[in-house]
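Asker: Predicted model and sequence below, questions to follow.
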Amino acid sequence: MNTDPAFLRGMTGSRRDALRLLGLTGAGLGLAACGVKGQKAAPPQQNDVQKYWAGKTKNGHVNFANWPLYMDKGRTPLKAFTQATGISVTYREVIQDDPQWFGKIAPQLQAGQSIGYDLMVVTNGVEFTKLVELGYLVPLDHSKLPNFAKNADPIYKKESFDPGNVYSIPYTTGITGIAYDPKKTGREITSMQDLWDPAFKGKVGMMSDGQEIGNFGMFALGIDPEKSTPEDWKKAGAKLQEQKDKGIVRKYYEQDYIDALTRGDVWLTMAWSGDIFQQNLSEKSDLKFVIPKEGATIWTDNLMIPKTAANPVDALMLMDYLYQPATAAKLTEIINYVTPVPAAKDVIAADAAKATGADQKSLQAVSTSPLVFPSEADYAKLRHYRSLTPATEKEYNAVFQHITAG
């Protein structure tokens with residue numbers, strides 16, 4: 001695939017950047033509550049999976065809801081899917097943030113009505129947990145996901161927010177770590193404690209999203225966010241408040257942290273891996289991105305089928321198709337975040353070998369970047385957000401929201 005470097009530059013930040021363009025705030029996105037009520041559904045049993053899928057057949061079409069900038073304009077992977085299977089795809093960039101999307105579809109799902117889509121992408125977090133607990137998702141038939149079984153990195157088969165991939169498989173994923181300008185810091189940044197170092201007073205950027213800073217507060221204290229308790233949250237909140245009270249934090253940023261870092265307003269900041277990769281690729285800057293020794297956050301945007309899907313077999317076939325290394329490679333060349341398919345690396349390297357000029361350089365950068373293909377050691381340090389129920393979400397918010405509010 002010859003990816004136009006100008007198009008790559010236009011992809012900076014992927015869907016995370018799209019949120020900034022839409023004027024949506026990080027705090028509202030990560031932690032907004034939804035008033036939709038429902039009864040918690042029982043976990044599916046194997047016979048429930050068999051019962052759902054029994055008698056269901058391919059219909060020849062998929063309606064796919066996704067975020068902006070998560071597919072090339074020509075929809076190349078989807079056209080290849082149609083050619084291979086005869087299944088047409090209607091693709092819409094209708095998801096702008098998880099709370100808004102959940103608020104839109106939950107009343108219809110609660111009433112057993114179609115949302116108009118057979119496949120959708122939702123980030124692990126509050127809304128994902130609600131969709132599972134309310135029984136709004138289809139349990140996946142893994143006998144029909146051979147490419148996922150064969151090609152997915154093992155780390156994506158043991159995610160804490162969906163153990164065993166009962167309801168979801170990743171579409172793409174990314175890392176929240178620390179980015180810094182070595183010319184400004186004068187030293188390597190290796191630890192979460194660097195974000196609390198008085199030597200960088202007024203030059204540290206933190207994110208405004210409560211789940212993001214909450215994780216970093218816990219990492220700084222040696223707490224695993226996925227297993228954290230309300231008492232852990234309070235300790236992390238106090239650690240973050242200390243950082244704020246000492247004037248170390250210049251600002252709590254949304255997407256605009258990348259601009260502050262390149263201007264020199266901040267010297268080191270919480271950052272998303274894809275942003276830094278794209279900034280260095282498109283602007284030829286020399287920013288560094290590090291997974292601190294204490295750990296960092298991995299977030300996953302997940303493919304899932306709503307329970308009212310009209311074409312679930314077709315949707316499942318598309319999900320599995322995206323796990324072919326050649327298809328995953330094309331998506332990775334477009335998105336530039338972490339792919340769940342390690343074998344895509346060799347495909348991208350082969351594409352780079354066939355390309356020339358700027359295209360070759362861009363593809364080589366993708367295939368060799370640890371921000372796109374983390375090492376096993378990197379993966380070992382990554383943790384997800386704490387899975388929050390509606391009840392624990394309120395308790396979590398009470399600890400962290402006031403820190404970034406004023």
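Answerer: In hand now; what should we look at? Numbering: from 1, shown residues only.

Asker: Okay, and the beta partners of the spatially most central residue of the chain?
Answerer: Nearest to the mean C-alpha position of the chain, by CA atoms, centre = their mean, lies Thr300 at 3.6 Å. Note on Thr300: beta-bridge partners Thr173, judged by DSSP bridges.

Asker: Run through the residues that contact it.
Answerer: Taking CB atoms under 8 Å, 6 or more residues apart in numbering, we find Thr300 in contact with Thr123, Asn124, Tyr156, Glu159, Phe161, Pro170, Thr172, Thr173, His384. C-betas here are computed from N, CA, C, even on glycine.

Asker: Show me where this protein dips below the pLDDT cut-off.
Answerer: For the chain, the stretches with pLDDT under 70 are 1-43, 406.

Asker: which residues of it fall in strands?
Answerer: 61-65, 88-92, 119-123, 169-180, 204-207, 249-253, 268-272, 288-290, 296-304, 382-383 (DSSP state E).

Asker: Make JSON lines from these and add distance to Ala149 to it.
Answerer: Converted to JSON lines, the strands of the chain look like this (distance: least, CB to CB, whole Å):
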{"stretch": "strand 61-65", "distance to Ala149": "21"}
{"stretch": "strand 88-92", "distance to Ala149": "23"}
{"stretch": "strand 119-123", "distance to Ala149": "19"}
{"stretch": "strand 169-180", "distance to Ala149": "10"}
{"stretch": "strand 204-207", "distance to Ala149": "35"}
{"stretch": "strand 249-253", "distance to Ala149": "39"}
{"stretch": "strand 268-272", "distance to Ala149": "29"}
{"stretch": "strand 288-290", "distance to Ala149": "31"}
{"stretch": "strand 296-304", "distance to Ala149": "15"}
{"stretch": "strand 382-383", "distance to Ala149": "22"}
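
Asker: Can you check which of those gets nearest to Phe148?
Answerer: For Phe148, the closest of the strands of the chain is strand 169-180, at 5.3 Å, according to CB to CB.

Asker: Can you tell me which helices and strands the closest one packs against?
Answerer: For strand 169-180, the packing partners by 3 or more CB pairs under 8 Å, 6 or more residues apart in numbering; DSSP states H and E come out as helix 210-220, strand 268-272, helix 273-283, strand 288-290, strand 296-304, helix 325-335.

Asker: quick one: that strand to chain centroid distance?
Answerer: Mean-position distance between strand 169-180 and its chain equals 6 Å (CA atoms, centre = their mean, to the nearest Å).

Asker: quick one, it and helix 273-283 angle?
Answerer: Counting by axes from the mean of the first three to the mean of the last three CA atoms, to 10 degrees, strand 169-180 points 70 degrees away from the direction of helix 273-283.

Asker: so strand 169-180 versus helix 325-335, what angle?
Answerer: Between the axes of strand 169-180 and helix 325-335, defined by the same axes, to 10 degrees, the angle is 40 degrees.

Asker: Could you tell me how far the residue of the chain most remote from its centre is located from Thr129?
Answerer: In terms of distance from the mean C-alpha position of the chain, Gly55 ranks first, at 33.8 Å (CA atoms, centre = their mean). Distance of Gly55 to Thr129, computed by CB to CB, to the nearest Å: 30 Å.

Asker: again, but for Asn151
Answerer: Asn151 is 27 Å from Thr129, where distance means CB to CB.

Asker: State whether Gln279 and Asp286 are indeed in contact, as I suppose.
Answerer: No. With contact defined as CB atoms under 8 Å, Gln279 does not reach Asp286; the gap is 10.0 Å.

Asker: Look at the two and report which has more neighbours.
Answerer: Taking other CB atoms under 10 Å, Gln279 and Asp286 do not tie; Gln279 has more neighbours (23 against 10).
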